Structures are given as C-alpha cells and as structure tokens.
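Asks: Fold the following for me, if possible:
(one chain, ligands or ions: 1)
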Amino acid sequence: MGYRFSDLTAACQDDWRAYVEHDFVRALGAGTLEPGAFRHYLQQDYLFLVHFARAYALAAYKSQDLAELRQAFDGLKTILDVELDLHIGFCRDWGIDEADLAALPEARATLAYTRYVLDAGSRGDLLDLRVALSPCLVGYGEIAGWLAEQPFTVRGEANPFEAWIAMYESEDFQAAMRAERAWLDARLAEVTPARFARLAGIFRDATRLEIDFWQMGLDRAD
Ligand SMILES: Cc1ncc(CN)c(N)n1
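Replies: The predicted model follows:
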C-alpha cells in the first residue's frame, strides 16, 4: 500500500488540527497567553521531557541495528542537551527554580500522556514507540511553522513567548523533525493495512493527549 507519515495525520485530521491550532498555541503566537498558564505549562513540560528522555532510552533498547541505536541516542541527547537545557533557562526567566522543578507534583495530563507513550513502546516494537512519540517531535515542529504563517503571530521582543517559538523553529529542531518523518515514511511504506490501523490508533491517542496537555496548561489543572 505504501503508507507515509501524512497518512497518520490524515487518519485523525480533526484531532491533529485541534492539537496544532489549539487556543494555547494561538495565545502563545499572539503573545496574549496568561503568564500563570505558561508557567504551569513550563513546570509540567519539565516533567514531561524527563519521561520523554526515558522513552528515547527505551527506543535505544528496542533498536535492531546501529543506525536505529544512533537515532535513539541522538533523540535522547537532543532532549537532554538542547530542549531540557533551554527549558530550564525559560523556567529561570519565568521565576521557576530548577530545584523546585524536581519536586513538582505531576498533573494528571502529564501522567496520562507520558505513561501512555512508555506503555505503547513497552508493549510494541520500535515503530509503535516512534509513532507514539511523533506527535511530540513532528507536532511541535509543525506548530512552529504554522505559527510563523499566521497573521496574528507577534514576533520579536513584543512577544514574551518569542524564545519558546524560536526554539521549535530552530534548524536543530526542524532537522530532527525532518529526520523523524523520513524514518517514519520509510517504515510505514512497509506495513499492512491492519498494522497501519493499529499504528493510526496509537497516533490518534497520543495526539489527543497532546490536546489535553495544552488544555491542562490553559486551565492550570493539576
Ligand atoms: C507536551 C509536549 N509535547 C511536545 C514537546 C516537544 N518536544 C514538548 N516539549 N512538550
């Protein structure tokens, strides 16, 4: 049949758009997000990224060859050395101390999303795991591109969330997203319709959990 990554988003088009174009994202782009909502999101996203780093370590364990092992290692390194480092810097700028981050209670949306991905990866193979991870990596890359095209998006110092947008727009992040899409395109090209249907279910679940994560930030839910 020859599936591609775009078939996963097409299979849950409404959920995918609801995730990429969520009110939280729009408010980030317009620079109008409540500071308290962003702070809550940043705190929970720190916990999220720690568990996602664990998921990349699981991807290393599930790898079948050296190329896959290197990709998992690169993913883990990008989360630890790029995203988490920048994230801890954002938290500092927004008055959140690194020592406080480690002691944070996990919100239900964080718990549900991170454990879902780890469970999908533990039960399945590397493709199941990387499909579960893809709304995170590919989604934020797409969100940065979508925001850049919107007339309401405010850029530069006038937007308090400029650094956040710039991080996901950066060449490092966009290159990681393109590499992940290429790997998924190659793997999905080989799957049967029945296998694709199962993968599309994992992708839809993870996309919905991303929507819940944005909503948790907006509502400052615990
Ligand atoms: C919830 C969530 N999803 C995705 C990303 C981008 N790695 C993130 N930082 N946080």
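Asks: What lies in contact with the lowest-mean-pLDDT helix or strand in the chain?
Replies: Ranked by mean pLDDT, DSSP states H and E, the helix or strand of the chain with the weakest confidence is helix 98-102, at a mean of 86. Applying Cβ atoms under 8 Å, 6 or more residues apart in numbering, the contact partners of helix 98-102 are Gln43, Tyr46, Leu47, Ile88, Cys91, Arg92. To be clear about C-beta, it is placed using only N, CA and C from the backbone, and glycine gets the same treatment.
Asks: switch to 10 Å and redo it
Replies: Outside helix 98-102, the residues that touch it by Cβ atoms under 10 Å, 6 or more residues apart in numbering are Leu42, Gln43, Gln44, Asp45, Tyr46, Leu47, Val50, His87, Ile88, Gly89, Cys91, Arg92.
Asks: what's the closest of those residues to the ligand?
Replies: Asp45 (4.8 Å; Cβ to the nearest ligand atom).
Asks: so what's the backbone phi/psi at the nearest residue to that closest one once chain neighbours are set aside?
Replies: Leaving aside its chain neighbours, Asp45 sits nearest to His87 (6.6 Å; criterion: Cβ to Cβ, 6 or more residues apart in numbering). Dihedral pair for His87: phi -60, psi -40, per degrees, to the nearest 10.
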